[in-house]
Each structure stands twice: as structure tokens, then as C-alpha cells.
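In: With the sequence up front, the predicted model follows.
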Amino acid sequence: MKKIENLKPILILSLFLLVGLYLRTLFILTIPTKQLYDFETYQQLAVNIATGQGYTLGGYPVAWQGMLYSTGLGVIYKLLGNTSEMIPKVINVLLSEMTIIFVYMIMKRIYNKPWAIWISVFLMTFMPHQIMYCNVIGTEIITAFFLSAAIYLSLLNIKMIYKFLGLGILCGFLALSKPFFLAYPVILAVSHYMMTHKWKQSLLYFASVYVVMMLVILPWSLRNLEKYDRWIPVSYNSGFNLYINNNAQNVHGGWMDYHDVKKPEALEQAIEAEVQSHGASVKTSPNLEVLLKPYAVDYIKAHPIEFLKLGVIRIHSTYFNGAWDLDAWTMNAISYDKLGEVLPRFADVDEYTYARFMNFFRAISDMILGVISGFGIVFVFMNVLRMFKALYNQKLNLASFVVIPAINLAFVSLVFFVYEGQPRYNFIVLFLLIMTFAIGFDAIRDKFLEVEGKPFKIEDR
């Protein structure tokens, strides 16, 4: 009987995983989408690697994005002798399933309450974003996988040398996927300190993980040094992104054409000379970062209030601007005109029924995202002062269920606040938002079920 009870959670998790596998596989096999913008670039880079052109665009070496995803995908293409877009989609499905497992294990470690655990697993399995982003050739799913793996490893009680080595490797993978994760060893060390107040161990934590991470990215950094004659740890697009997202003409906090930014004539000429000498593409123009970052920094310093406004707009765009990214990136090849061709079984559906369903689906997706994002933001704000207090109050050891979601959400959100915001960026922390929702829901449920300190019963109503 005890063995059956012990197996019950594994059986339930397995059921969720099987349903999740079915839904994800069905979606990528059924729903077509075009890989646009960054997603097209990832695919093109992978194809170039597989066909012997190296990590190049238009014949030029490039370090515009984190290199790990495209490079790994290109190697897989080469080994399989096939560059079908279905390959990364299948990989996405497998990584998404593994992320569900990591979320389950993280919740068991930090908040081992059945309601919270299974709400997390349920949302990870059925939330539209988690299913539909399997259709996209991009770093969203793999980054969430690496981040959830790193968080879980940080919670394990294993020998520190193995933990530091594993976390250093994972931080290296994260940085080579999203360069802002170069700062992640700091987050890990600060988290450790707020939960233990062992400052020597926390310092060792940071130093060890940081060194291993830098060793992981070193070959790529040396490649960049050889190609561009300057030290570029991962990529060179941060200055460009900072510039186009922080200027007097930017009113929405997002991407804008650099031509639309008013600039001195000398700077405009320097930009055009740089771009034209590197294949007429900003993606292959490594010196734009050096040219543009000082102007972005000067604008931020001179206009702190406007920068604050743009930052708030970016947070809104990322977490509270709906789920329009699902239509735009994961199923953009579907329209009513092509419905019968793409999905023959729905050929007889009239345009009003189709439009009504799409609007209904968008409404549901928007509401789900809005609710869990609201819980996440409230969770961070409720705990941010406690986290600051824990930095100097040696007696205030915070619980892991507070520190882990809050500091990770705060860190990634700060990057969005400074650089750029749009709905697809929230994907890498959706699992954290789901966890905060589950924890918050469980806490509210416990309070609701308490009547004068006694368990709530139906007859007490």
C-alpha cells in the first residue's frame, strides 16, 4: 500500500507528460508557421553551419546573437544530413517536456504542497504558450530548460564541487543563448547568501561558478577576438539594442528602425559606413555597439524620467500586453483563406465562426497570461524589501520559495526594463510566473479554508 502511495505522484506526473507530449506533437505536426525575423536568422545560421559555410550571414562572420542554439542545431543538421524545420520543433517538444519535470522537482524542493505542485504541472502542460512555442525555431524553450535546470541544481544537496561545475556549465550555456545571463553567477550567489548568510561560502559560490562559466564561453570569445580584434564575450548587439530602445523618438519602449532615430550627421555617416562595409546589415556590423552605446547611455543619464517611462512601458509590453505573439510567431501561416488547405477537416467552417474562435482563443490566452503575470509582479513587489533587508540582516534567512522565484523574475525583468520589451520575451520566465501563481493560489486557499484557526468545513458556511 505504501509503495502504491509513493508511486502515485510519479504516475500522475507521467500522465501529464504523456498528455503534454501528445498536445505538443499534434500542434507542430498540424499547425504551420513561417520563421520570421530572429527565428529566420537562427535557422539560416544553423543551415550555414550544416552546409559548411560556418557561423556566417551573407558570407560575413557574425556574433549578433547568442551562438549556442544555432551552432548546436547546425551540428545536428549536419549529423542527420537534413535541415528540415521539423527537427528543432521535435527538439523543442522534448525540452519542453523536460522543463515540466524540472518545475515539478523545483516545487517539491521549495514548496512541497500538493495543490501548488500540481497547479504548476497543470499550467506547464496546458498553457497555450508552453505548447505553441514548440513550433518556433528560437531560444525561448531551450533557455527556459537551461534556467529551470540551473535552479534545480542550485537546490540539490550534493558536493559543492559538483554543484559549482554543473552550474558553471549551465550558466555558460545560458550566456551563449542569452548574453545577459553572464551576470547569472551573481544571482546564484546572492540567492545563496539570502537563504544562508554564509558570506564566505556565497563568495566561493560566485567565484567558482563564474570561472567555470567563463571557461565554457572562452572558445567563442577567442573566436570573436580573432574575427573582430576586440574582446566580445558573446555578442555585439547590446549597444545597438540599447540605442534604438532608449532615445527621444522611442515612444513604445520596443524595437524601432535606427534610421528613425534623430542623430548627429557625423554619427549617421559613421553608422552607414559601418553597415555598408559589412554586407549592408546591422547583424553583421560589429562596430555599431561601440558607436551607439555611448549615445544611449548619455540619453539615459540626461533623461532619467523618460527612461523610467520607457522601462515601465517595456514591462507592460512584456507581461501585460496580451498574447499576440502566439499568432505572430507560432501560427502565422494560418488564415481563413487557407484554412481548408491547412486543416481540411475545418474546410466547411464559415469565416464568422473562424474569427469568433480565434478571438475566443486569444481572449483565453490573454487572460491566463495576465493572471499569472499579475501574481508574479505582486510576488516580486511583496518580497523585494524583504530581500534587500536580508542582505544586511544576518538573522533573516529567507525561504527558498521566496528567493528563487522573486530574484530570478526581478533579474530578468530588470533586463527587459533597460533594453526591450515584447510578449515573447516573457517565455523564459513563464515557468517562474506559473510557480508564483501556484504558491499564491495555495496561500490564498489556505487562508480561505481557515475559520478562526480551524479547518474550513462546508457546514461552517
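Out: Structure received.
In: any idea which helix is longest in the chain?
Out: helix 351-392 (DSSP state H).
In: For this protein, which element, helix or strand, carries the lowest mean pLDDT?
Out: Sorting the helices and strands of the chain by mean pLDDT, DSSP states H and E puts strand 454-455 at the bottom, at a mean of 54.
In: distance between the longest helix of the chain and the chain's centre?
Out: 15 Å (C-alpha atoms, centre = their mean, to the nearest Å).
In: Can you pull the poorly scored residue ranges out of this structure?
Out: Low-confidence segments of the chain, defined by pLDDT under 70: 1-4, 450-461.
In: Strands of that one, residue ranges please.
Out: Secondary structure of the chain (DSSP state E): strands at 56-57, 60-61, 450-451, 454-455.
In: So what are the sheet partners of the second one and their directions?
Out: It stands for strand 60-61. If you go by DSSP bridges, strand 60-61 pairs up with strand 56-57 (antiparallel).
In: Contact partners for residue 25?
Out: residue 93 (C-beta atoms under 8 Å, 6 or more residues apart in numbering). Backbone N, C-alpha and C define where each C-beta goes, glycine included.
In: how close does it sit to residue 50?
Out: 24 Å (C-beta to C-beta, to the nearest Å).
In: Then residue 224?
Out: Taken as C-beta to C-beta, the span from residue 224 to residue 50 is 22 Å.
In: Between the two, which is the more surrounded one?
Out: residue 224 (22 against 19; other C-beta atoms under 10 Å).
In: How about that one: what's its closest non-neighbour residue?
Out: residue 232 (4.0 Å; C-beta to C-beta, 6 or more residues apart in numbering).
In: what's stretch 413-429 in contact with?
Out: With C-beta under 8 Å, 6+ apart, stretch 413-429 has contacts from 129, 133, 140-141, 143-144, 147, 178, 180, 238, 241-242, 245, 253-255, 311-319, 321-325, 329, 369, 373, 376, 380, 408-409, 412, 433.
In: So among the residues you listed, which ones count as buried?
Out: 129, 133, 140-141, 143-144, 147, 178, 180, 238, 241-242, 245, 253-254, 311, 313-315, 317-319, 321-323, 325, 329, 369, 373, 376, 380, 408-409, 412, 433 (16 or more other C-beta atoms under 10 Å).
In: Would you agree residue 383 is in contact with residue 404?
Out: No. The criterion here is C-beta atoms under 8 Å, and residue 383 misses it with residue 404 at 10.7 Å.
In: Spell out, range by range, the helices that occur in the stretch 101-250 of the chain.
Out: Remark: helices assigned in the stretch 101-250 of the chain by DSSP state H, counting those that start in this stretch are 114-126, 128-132, 140-155, 160-177, 184-196, 199-228, 238-245.
In: Any chance of JSON lines for those, columns distance to residue 400?
Out: Below are the helices of the stretch 101-250 of the chain laid out as JSON lines (distance: least, C-beta to C-beta, whole Å):
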{"stretch": "helix 114-126", "distance to residue 400": "13"}
{"stretch": "helix 128-132", "distance to residue 400": "24"}
{"stretch": "helix 140-155", "distance to residue 400": "7"}
{"stretch": "helix 160-177", "distance to residue 400": "15"}
{"stretch": "helix 184-196", "distance to residue 400": "6"}
{"stretch": "helix 199-228", "distance to residue 400": "15"}
{"stretch": "helix 238-245", "distance to residue 400": "31"}
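In: winner for burial among those helices?
Out: A comparison of the helices of the stretch 101-250 of the chain by mean neighbour count, using mean count of other C-beta atoms under 10 Å, puts helix 140-155 on top with a mean of 23.
In: okay, the angle between that helix and helix 199-228?
Out: Angle, helix 140-155 to helix 199-228, by axes from the mean of the first three to the mean of the last three C-alpha atoms, to 10 degrees: 150 degrees.
In: Who are the packing partners of helix 140-155?
Out: With contacts taken as 3 or more C-beta pairs under 8 Å, 6 or more residues apart in numbering; DSSP states H and E, helix 140-155 sits against helix 86-110, helix 160-177, helix 184-196, helix 400-418, helix 430-448.
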